[in-house]
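Enquirer: structure of the sequence below:
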Amino acid sequence: MLMFDHISTQHAQKPMFSYMNLYIQEAFWKGMYVLLSMFLCFCVCLHFFDVFLFHHAYLFFTTTQTETFMTLDVTEAFSTMLVLCIYVTCVCVFPLCVYTFLTFVNPSCFRLEAWVLFHLSLLSAVLFIASYQLALYVICPCVWHFFLATDGTQTWQYAPRLAPYVFLLVRVLCTVHIICQLPCIACLLHIFWQLPIQSLIRSRKMLHVLLLLVSAFVCPPDVFTQGLCWFCLVCMLESILFFVCITHAYSMSVRNMFQSQGG
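Expert: Next comes the predicted model:
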């Protein structure tokens, strides 16, 4: 009797190991597909580096009335090329990564979980595009104009360097991308850990005052710049609370529906 139990246990473990091997193989080939896409995209970006550089520097040229960048050595130009190509590659391959992740996770999700992941992915894509447009066409020109604005009486000529400009541009773009993804991150945190939404709503005024102090600390001594920074921080906070409230209301409605059906 014990021998038959041992044989049946072995036969039951074999399908489990085969399914695990298929699971690992699928993850491996999807990862290899993403890596191959990143490599090909990086090669294309290296080949058309001047096009991407002109696209990201056009507004800088129009704002500062300059036409060229200055480089001091060959390694500076090469490092700048690598940084900009890596950023463009990540931006181009990121939708493929999201699609690959969704197709890999979807079979193991319930219908509600798949629906939430799909719509959060759409929201993340919209916020990513909006953050890119906001950073490149609104924030960066304001920064260049603020730091390079003069009264027209200067006698020196400004010669911008290539590496500091590209490094600063990539840092600004990545920072704005992360900040604009905070609503999606907050929604995911609320789904899995149930954020204290009621206490956050009750302490909104205190958070607004705290954001005002933060904007006064991080911005230059200019009332307009501090007010603009505070307005952006408040909009970010309100958007996070708005999306978290929508997620909370939807999860409560789904939970009540299941409870009513179970009753």
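Enquirer: tell me who's in contact with the closest residue in space to Ala216 that isn't next to it in sequence.
Expert: Across the structure, with CB to CB, 6 or more residues apart in numbering as the measure, the residue nearest Ala216 apart from its sequence neighbours is Gln226 (5.3 Å). Where C-beta positions appear, they are placed from N, C-alpha and C, glycine not excepted. If a contact means CB atoms under 8 Å, 6 or more residues apart in numbering, then Gln226 has Ser215, Ala216, Cys219 as its contacts.
Enquirer: so for the host helix or strand of Gln226, what gets flagged as buried?
Expert: Here Gln226, judged by DSSP states H and E, is contained in helix 223-262. For helix 223-262, the buried set under the neighbour-count rule, 16 or more other CB atoms under 10 Å, comprises 226, 229-230, 232-234, 237, 240-241, 243-244, 247-248, 250.
Enquirer: quick one: average confidence on it?
Expert: What helix 223-262 shows for mean pLDDT is 75.
Enquirer: packing partners of the strand or helix carrying Ala130?
Expert: Secondary structure here is read from DSSP H and E; on that basis Ala130 sits in helix 111-134. Of the remaining helices and strands, those touching helix 111-134 by 3 or more CB pairs under 8 Å, 6 or more residues apart in numbering; DSSP states H and E are helix 74-105, helix 162-180, helix 182-193.
Enquirer: and the angle from that helix to helix 182-193?
Expert: With axes from the mean of the first three to the mean of the last three CA atoms, to 10 degrees applied, the angle from helix 111-134 to helix 182-193 works out at 160 degrees.
Enquirer: next one: helix 111-134 to chain centre, how far?
Expert: Helix 111-134 has its C-alpha centroid displaced from the chain centroid by 10 Å (CA atoms, centre = their mean, to the nearest Å).
Enquirer: and the angle from that helix to helix 223-262?
Expert: Relative orientation of helix 111-134 with respect to helix 223-262: 170 degrees, computed using the same axes, to 10 degrees.
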